[in-house]
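Asker: Below is the sequence, then the predicted model.
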Amino acid sequence: MQVIEDTTDAHLAAGPAPDVAAALRSRHSVRRYLPRPVERETVRRILDLARWAPSGSNTQPWKVYVLGGAVRDAVCAAALADAEANGERQEREYEYYPTDWYEPYLRRRRACGWGLYGSLGITRGEAERMAAQRNRNFTFFEAPVGLVLTIERRLNRGSWMDLGMFIQSVMLAARGEGLHTCAQAAFANYHRLLREHLSIPDGEVVVCGMALGYRDPEAPENVWRAGRDPVESFTTWCGL
């Protein structure tokens, strides 16, 4: 098992990011949170910044459901009970990953998965421990606030790109508040459950959930960081 760890600028993950560069470098998928509440006004400030994300012809195609308190707890309990009883559903309304994996994406996916499990001491073949870790998605990794992001079903691929820029903007704005996030496609598999609890219309596609809270700095899965390939691996210089 290969475990890739990148601790570059790991110190930036503590406290609010002082600038955009620090927000970008310190943002990562946090999978364990402190039991520290996040105020509604803090979430509103984050969304107030994120709404300035670009979108084609200023269409602003994003929709956000903010879950806290008893509503969050009820959604988490229902999704977790279903996952534990039946295994994680595969019922999302769109294809997120390649239908057939190929390089370099297969290599990167495996390195990420085994790096995360390795940080927790989970080794190949420990199916029950892997499932338990996956199911923690449905507690929002203990974050006190969960977001559910949707987009209207009639919109096309360009609007999904716009939604992606909004999601990134939420993550960076959260870092400015000293908070961390984890985007969770796993919740898209439970769109029926989410519609029931949150009254999400059938005309909206549930794209993902997102955990939002204060990072537990002692959790090994938060100390581990997935690496990134260098600029040269994805850039073609044309005339510059």
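Answerer: Arrived safely, thanks for sending. Numbering: from 1, shown residues only.

Asker: Who is the residue nearest in space to the middle of the chain paired with across the strands?
Answerer: Centroid check for the chain by C-alpha atoms, centre = their mean gives residue 183 as the closest residue, at 0.9 Å. For residue 183, the beta-bridge partners are residue 210 (DSSP bridges).

Asker: for it, what are its contacts?
Answerer: Residues near residue 183 by C-beta atoms under 8 Å, 6 or more residues apart in numbering: 29, 167, 171, 208-210. Every residue, glycine included, has its C-beta placed from N, CA and C.

Asker: how about the CA coordinates for the longest helix anywhere in the chain, as CSV?
Answerer: Under DSSP state H, the helix in the chain containing the largest number of residues is helix 157-176. The C-alpha coordinates for helix 157-176 follow below in CSV (Å, rounded to 0.1, in the frame of the first residue of the first chain):
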residue,chain,number,x,y,z
ARG,A,157,-23.3,21.4,-18.3
GLY,A,158,-22.1,25.0,-18.2
SER,A,159,-24.3,25.7,-15.2
TRP,A,160,-22.7,22.7,-13.4
MET,A,161,-19.3,24.4,-14.0
ASP,A,162,-20.7,27.5,-12.4
LEU,A,163,-22.0,25.5,-9.4
GLY,A,164,-18.5,24.1,-9.1
MET,A,165,-17.0,27.6,-8.8
PHE,A,166,-19.6,28.5,-6.2
ILE,A,167,-18.7,25.4,-4.2
GLN,A,168,-15.0,26.3,-4.3
SER,A,169,-15.9,29.8,-3.2
VAL,A,170,-17.8,28.5,-0.2
MET,A,171,-14.7,26.5,0.8
LEU,A,172,-12.3,29.4,0.5
ALA,A,173,-14.7,31.8,2.3
ALA,A,174,-14.9,29.2,5.1
ARG,A,175,-11.1,29.3,5.5
GLY,A,176,-11.3,33.0,6.0
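
Asker: pretty sure residue 82 is in a helix, no?
Answerer: Yes - using DSSP: H, G, I helix; E, B strand; the rest coil, the assignment for residue 82 is a helix.

Asker: related to what we said a few turns ago, among the contacts of residue 183, who's most crowded?
Answerer: residue 209 (26 neighbours; other C-beta atoms under 10 Å).

Asker: just checking, it touches residue 146?
Answerer: Yes - look at residue 209 against residue 146 with C-beta atoms under 8 Å: they come within range, at 5.8 Å.

Asker: okay, and the common contacts of those two?
Answerer: Common contact partners of residue 209 and residue 146 (C-beta under 8 Å, 6+ apart): residue 140.

Asker: so how far is the first residue of stretch 151-165 from its last?
Answerer: End-to-end distance of stretch 151-165 (C-alpha to C-alpha, to the nearest Å): 13 Å.

Asker: Touching that stretch from outside, list them.
Answerer: So stretch 151-165 is contacted by 53-56, 59-63, 149, 202-205, 207 (C-beta under 8 Å, 6+ apart).

Asker: Which positions within that stretch qualify as buried?
Answerer: By neighbour count on 16 or more other C-beta atoms under 10 Å, the buried set for stretch 151-165 is 151, 159, 162-164.
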